[in-house]
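Colleague: Below: sequence and its predicted model.
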Amino acid sequence: MRFGVHTGLQNTSIAELQGLWHRIEELDFDWISIWDHFYAADGTGDPHCLEAVVSHAALAASTSRVRCGSLVYSAGYRHPAVLANAAVTLDQLSGGRVTLGLGGGWSKIEYDAYGVPFGTAASRLRMLDESIQCVRGLLTQDSTDFSGEYFALAGARCEPKPVQEHLPIWVGGGGEKVTLRIVAEHADGWNVPFIAPDAWAHKSAVLDTHCERAGRDPSTVERTVNVGMASSEDDLRAQFGNISELVRPGVLTGSTQEMIDRVGAYRDAGASYLILAMRAPSIAMGSSASPPT
């Protein structure tokens, strides 16, 4: 199992994040990622949050070794051609270390505040399905045509291509009927946040079934999990606000040994990456952050 840190962009600054990213890389983590929100991802309506693409660029330019990921860009916030072109430039900044995560979006507060149509869960997932196909085509083909419900490309080109031979695309989410089907059909990796090891194992098995139906070897899908870490109830609520109870099943708590045992349960279930989803003001955002051993 490899380890990473998902650095939330709320209630912080680029200068603070750069210090954190340097420390994470020094501690030999394999992965650092950012999220895609306009408001704090805690359900409170707090608007203090840095923009994702610019923060992703700062991450790429501030590090030298780790994978630079996004968990995850919302398909509803950016046209896939805009995102594909950004991904190529990010890959140049990082020297070929970018992983592009895509998702259907969930934070209705910020959709409504910015006038972005929220739609239904089904419509957001249809948009995700189209978006990943468009992005994949633009990153890999000389010319891409696509005609869908939400997006259309006509002889669309995206040049230059990524630095790395194959820029990985992950899909985030745990929906068993649609999201995991999209993973099986189109994605290189899967990430789901804040669920317990047994729930993660169940969804991974569902993903196997979707892969088999799609004629794909299930072992070709990278399978990852985001977990929180909280030293106390106050710490949990300071980080996650109104969604504290929702994320609780996937938050590491208790003694060091209890946390290690919990990590081991995800490893035994088949997770190849465990990514600590940390955000200010948790103490783990500071120099004490270290990987489970």
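Modeller: Perfect, I can see it now.
Colleague: Could you give the number of residues near the nearest residue to H79 once chain neighbours are set aside?
Modeller: Among residues not flanking H79 along the chain, F151 sits closest, at 6.9 Å (C-beta to C-beta, 6 or more residues apart in numbering). In this view, the C-beta of every residue, glycine as well, is placed from N, C-alpha and C. Neighbour count for F151, taken as other C-beta atoms under 10 Å: 18.
Colleague: now do K177
Modeller: Using other C-beta under 10 Å, K177 is surrounded by 10 other residues.
Colleague: and what of S244?
Modeller: S244 has 18 nearby residues by other C-beta under 10 Å.
Colleague: Partner strands of the strand ranked longest in the chain, with direction?
Modeller: As assigned by DSSP state E, the longest strand anywhere in the chain is strand 222-229. As defined by DSSP bridges, the strand partners of strand 222-229 come to strand 189-193 (parallel), strand 251-252 (parallel), strand 273-278 (parallel).
Colleague: per-residue confidence for the closest residue in space to R237 that isn't next to it in sequence?
Modeller: Once flanking residues are discounted, R237 sits nearest to S244: 5.0 Å by C-beta to C-beta, 6+ apart. Here the pLDDT value assigned to S244 is 96.
Colleague: in the host helix or strand of S244, what counts as buried?
Modeller: S244 belongs to helix 244-247 when assigned by DSSP states H and E. Buried positions in helix 244-247, judged by neighbour count with 16 or more other C-beta atoms under 10 Å: 244, 247.
Colleague: Output the contacting helices and strands for it.
Modeller: Helix 244-247 is packed against helix 233-240, with contacts defined by 3 or more C-beta pairs under 8 Å, 6 or more residues apart in numbering; DSSP states H and E.
Colleague: can you tell me the average pLDDT over the helix it packs on?
Modeller: For helix 233-240, the per-residue pLDDT values average out at 92.
Colleague: where are the low-confidence patches of the stretch 1-150 of the chain?
Modeller: Residues of the stretch 1-150 of the chain meeting the criterion pLDDT under 70: none.
Colleague: Burial check on L93, number of neighbours?
Modeller: 20.
Colleague: from here on, count from 48
Modeller: Yes, from this point I'll number from 48; that puts the last item at L140.
Colleague: quick one, what contacts the closest residue to it other than its chain neighbours?
Modeller: Of all residues not flanking L140 in the chain, A107 sits nearest, at 4.0 Å (C-beta to C-beta, 6+ apart). For A107, the contact set (C-beta atoms under 8 Å, 6 or more residues apart in numbering) comprises 115, 137, 140-141, 144-145.
Colleague: Verify the stated contact: D192 with L185.
Modeller: No - using C-beta atoms under 8 Å as the test, D192 is too far from L185 to be in contact (11.0 Å).
Colleague: any common contacting residues for those two?
Modeller: Contact with both D192 and L185 is made by residues 200, 203, according to C-beta under 8 Å, 6+ apart.
Colleague: Let me see the ranges of the helices in the stretch 148-297 of the chain.
Modeller: Applying DSSP state H, counting those that start in this stretch to the stretch 148-297 of the chain gives helices spanning 155-161, 168-187, 226-233, 244-260, 280-287, 291-294.
Colleague: now these in a markdown table, with distance to P127?
Modeller: Formatted as a markdown table, these follow (distance: least, C-beta to C-beta, whole Å):
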| stretch | distance to P127 |
| --- | --- |
| helix 155-161 | 18 |
| helix 168-187 | 4 |
| helix 226-233 | 12 |
| helix 244-260 | 22 |
| helix 280-287 | 30 |
| helix 291-294 | 29 |
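Colleague: tell me the most buried of those?
Modeller: Mean neighbour count (mean count of other C-beta atoms under 10 Å) peaks for helix 226-233 among the helices of the stretch 148-297 of the chain, with a mean of 23.
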